[in-house]
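**Student:** the following comprises the amino acid sequence and a computationally predicted model.
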Amino acid sequence: MFDRPRKTFARLRTSARAKAGSDPERRPHNLFEAAAVYVSARAEDDQDRIDEAAGWVSPEALSFGVSELACRAVVALARERDESPRTVARALLGLPAA
């Protein structure tokens with residue numbers, strides 16, 4: 001199930017490293033870094049940071065990063081609450097228990 005996203009991420013990471021070279025100042029933003037800033041800015045309603053993070057990577061890469069962040073967050077909360085990821089996801093969205 002996660003094999004395709006992992007392969008895609010590996011290609012993106014390899015490509016980003018090749019472009020970045022050895023100069024840390026010229027390092028492009030990582031898609032997960034962009035996703036973390038984007039999601040946290042959305043939570044804080046900070047439109048300037050939302051726009052900034054959205055410009056760091058392609059819309060497709062940002063979407064993938066946000067999706068991966070959501071999956072990881074649901075899994076972490078499910079473990080913390082000792083509930084299933086499905087139950088946690090539905091609760092976060094305000095849906096009735098299935």
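**Tutor:** Okay, I see it.
**Student:** all helices for the protein, in order.
**Tutor:** When assigned using DSSP state H, the helices of the chain occupy the ranges 3-20, 31-43, 47-54, 59-81, 85-92.
**Student:** okay if I get those helices as CSV plus mean neighbour count?
**Tutor:** In short, each C-beta sits where N, CA and C put it, glycine included. Written out in CSV, the entries for those read as follows (neighbours: other Cβ atoms under 10 Å):
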stretch, mean neighbour count
helix 3-20, 12
helix 31-43, 18
helix 47-54, 14
helix 59-81, 15
helix 85-92, 15
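**Student:** the ones you listed: which one's closest to Ala98?
**Tutor:** Taking Cβ to Cβ as the criterion, Ala98 comes closest to helix 85-92 out of the helices of the chain, the separation being 6.3 Å.
**Student:** now the closest one, how far from the chain's geometric center?
**Tutor:** A distance of 18 Å separates the centroid of the chain from that of helix 85-92, by Cα atoms, centre = their mean, to the nearest Å.
**Student:** stretch 87-98 too?
**Tutor:** Between the centre of stretch 87-98 and the centre of its chain there are 20 Å (Cα atoms, centre = their mean).
**Student:** quick one: residues in contact with stretch 75-95.
**Tutor:** Contacts with stretch 75-95, where a contact means Cβ atoms under 8 Å, 6 or more residues apart in numbering, come from 74, 96-98.
**Student:** max pairwise distance over the residues you listed: which two?
**Tutor:** When the contacts of stretch 75-95 are compared pair by pair using Cβ to Cβ, the two farthest from each other are Val74 and Pro96, 17.2 Å apart.
**Student:** contacts only, for Val39.
**Tutor:** Shown in contact with Val39 (Cβ under 8 Å, 6+ apart): 66, 69.
**Student:** distance check, it against Ile50.
**Tutor:** Val39 sits at a distance of 9 Å from Ile50 (criterion: Cβ to Cβ, to the nearest Å).
**Student:** which one of the contacts of stretch 75-95 has the most neighbours?
**Tutor:** Across those, the neighbour count under other Cβ atoms under 10 Å reaches its highest value at Val74, namely 18 neighbours.
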